[in-house]
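**Student:** Pasting a predicted model and its sequence here:
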Amino acid sequence: MNGFPVHTGDNVHRLVATSRWFAVFAALALMSGCGGHPKNVLTPVADTVPTTSRVMMLVATTRGRSDDAGEMFTGERARAPAFVDITVSIPQDRKIGDVAWPKKLPADQATDFATLKADELTKDAAKSWLNATVRKSPDRSVLVFIHGFNNRFEDSVYRFAQIVHDSGVRSAPVLVTWPSRGSLLAYGYDRESTNYTRNTLEALFQYLAADPEVKEVSILAHSMGNWLALEGLRQMAIRNGGLPSKFKNVMLAAPDVDVDVFRSQIEDMGARRPRFTLFVSADDRALAFSRRIWGDIPRLGSIDPEAAPYKTEMETNKITVIDLTKVKAGDSLHHSKFAESPQVVQLIGARISQGQALTDSRMGLGDHLIAGTTGVALAAGGAAGLVLAAPAAAIDADTRDHYGHHLINLTGVKKTDRSKCGMKEKGIRGTACKPSDP
């Protein structure tokens, strides 16, 4: 008989386990929302509302180029990094912490985030942009932001624009965006893409360290982007015998990083390290799911900072920990609280621009958190992953985009056989493939 094997005997336990994973993932998919904003928002619009705010950023990416000018870059990997000069317009009537996605295209500059400029640069032109922008910064500083899992190119651009604007940071903003397919199914691919980007990120860090125009560097990372940030710093420290003194702040927001691996990364960086601030939340559901995937090892972003051995380790390594467990902000996964909290976004800006201490007492038991992106940790490493992802494909538009591709790779079902799987040309009807007839 063709199709999936029948579960009998010893396979019963596996079937029960799969059912449990199905329930967990279905809940996460429902909480993650539909991702219904328009795509291809990066086509520049005419600047017709001069009263809006503007955020100008330099983007460094290892993503492959898109044939669609409004998308610019895909989630696939490029052989060499690319650089982009982007300006985003931000409307006045907007809640701090929100990204005002256009409801339709072209964007309405009066009510929506809108792209005013998106020009690809050569490496030399990118260096010129950075030097000119740094010279305008009061303290000659740079803020590097590294996004997390499940982010399309435009997601990272608009989220960073929101962070820069709402924080009031005066540093030159640099976005590092790595190849993420922006799909709930692509956790494994995204994780490998962070490894793929390590050398590019280290090269950026080395340039900032050597550039005499740059006097101070701060790094903000979210979710899976923390792995990339820590690996880039670790490589640089090993190569240089330490980290440069101009690297002042490293802020780790909801890091999807194994706690044991983090210990070794910190040790490899040596004693001369930037000031680390760690934002944790015990109710982070995305990290709880990621913990199950990675062998039940705690994720750094969900530790209890008062429990052993973490309290002692953080104090020994002089890492400030902000506990956001009691904070009621951000998405329903509790994974990006910092991104949507007005108080904390502004606090981060003050920390970077004015050197204010970032402490739990200043925030009132960690009232809020900074910066970032959303993400759901999902491993889809086999046919079981497809079964688990079926409800998300019915709910999440981005998952539908990738479901058919994964189905072909893992089951051998060809595009011409979609009708047998209950699939439409651009999505599915909400059911996984059933065994075919004998």
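**Tutor:** It's in. Numbering: from 1, shown residues only.

**Student:** Next up, the contacts around Gln235.
**Tutor:** Listed by Cβ atoms under 8 Å, 6 or more residues apart in numbering, the contact set of Gln235 reads 198-199, 202. For the C-beta atoms, the positions are set from N, CA and C on the backbone; glycine is no exception.

**Student:** Now, of these, which are buried?
**Tutor:** 198, 202 (16 or more other Cβ atoms under 10 Å).

**Student:** Quick check: of the contacts of Gln235, which lies closest to Pro305?
**Tutor:** Checking those against Pro305 with Cβ to Cβ, the nearest one is Arg198 at 27.7 Å.

**Student:** Chain neighbours aside, what residue packs nearest to the closest one?
**Tutor:** Residue nearest to Arg198 in three dimensions, not counting chain neighbours: Glu231, with 4.9 Å by Cβ to Cβ, 6 or more residues apart in numbering.

**Student:** ok, now Asn131?
**Tutor:** Glu213 (4.9 Å).

**Student:** Now for the one you found, how many residues are close by?
**Tutor:** Residues lying near Glu213 (other Cβ atoms under 10 Å) number 16.

**Student:** Show me the helices in this structure, by range?
**Tutor:** 11-32, 123-136, 153-167, 187-210, 225-240, 259-269, 285-293, 310-316, 342-354, 360-363, 383-395, 397-411 (DSSP state H).

**Student:** Please list the outside residues in contact with the fourth one.
**Tutor:** Contact partners of helix 187-210, identified using Cβ under 8 Å, 6+ apart, comprise 60, 62, 77, 81, 127, 142, 144, 146, 149-150, 174, 176, 178-181, 214, 217, 224-225, 227-229, 231-233, 235-236, 239-240, 244, 246-247, 293, 377-381.

**Student:** buried set for that helix?
**Tutor:** Under 16+ other Cβ under 10 Å, the buried positions of helix 187-210 are 187, 189-191, 193-194, 196-198, 200-202, 204-206, 208-209.

**Student:** okay, now the domains of the protein?
**Tutor:** According to automatic domain parsing, the chain comprises the domains 11-32+380-428, 53-363.

**Student:** Could you verify my assumption that Val41 touches Lys104?
**Tutor:** No: applying Cβ atoms under 8 Å as the test, Val41 and Lys104 come out as separate, 10.4 Å apart.

**Student:** So which of those two has more stuff around it?
**Tutor:** Shown here are Val41 and Lys104; by other Cβ under 10 Å, Val41 has more neighbours (27 against 9).

**Student:** measure Ile266 to Ile319 for me?
**Tutor:** 8 Å (Cβ to Cβ, to the nearest Å).

**Student:** any residues in contact with both of the two?
**Tutor:** Common neighbours of Ile266 and Ile319, using Cβ under 8 Å, 6+ apart, are Phe276.

**Student:** remind me which residues of this structure are low pLDDT?
**Tutor:** Across the chain, the ranges flagged by pLDDT under 70 are 1-36, 281-298, 302-303, 324-348, 350-351, 353-438.

**Student:** Each with direction, which strands does the longest strand along it pair with?
**Tutor:** Identified as the longest strand of the chain according to DSSP state E is strand 73-90. Applying DSSP bridges to the sheet, strand 73-90 is found paired with strand 53-65 (antiparallel), strand 114-121 (antiparallel).

**Student:** Quick check: which of these is nearest to Ala307?
**Tutor:** Comparing these by Cβ to Cβ, strand 53-65 comes nearest, at 37.1 Å.

**Student:** ok so, going back, Val257: which of the strands paired with strand 73-90 is closest?
**Tutor:** Per Cβ to Cβ, nearest to Val257 of the strands paired with strand 73-90: strand 53-65, 19.9 Å.

**Student:** quick one: buried residues of that closest one?
**Tutor:** 55-63.

**Student:** What is the nearest of these to Pro274?
**Tutor:** For the buried residues of strand 53-65, the nearest to Pro274 is Ala60 (19.7 Å; Cβ to Cβ).

**Student:** So what sits opposite that closest one in the bridge?
**Tutor:** Phe83, Val176.

**Student:** Settle this for me: it is touching Phe160, isn't it.
**Tutor:** No: applying Cβ under 8 Å as the test, Ala60 and Phe160 come out as separate, 11.9 Å apart.

**Student:** what's the neighbour count on Ser89?
**Tutor:** Ser89 has 24 nearby residues by other Cβ under 10 Å.

**Student:** Quick one: residues contacting the nearest residue to Arg275 once chain neighbours are set aside.
**Tutor:** Leaving aside its sequence neighbours, Arg275 sits nearest to Asn249 (Cβ to Cβ, 6+ apart; 5.4 Å). If a contact means Cβ under 8 Å, 6+ apart, then Asn249 has 218-219, 274-275, 277, 351-352 as its contacts.
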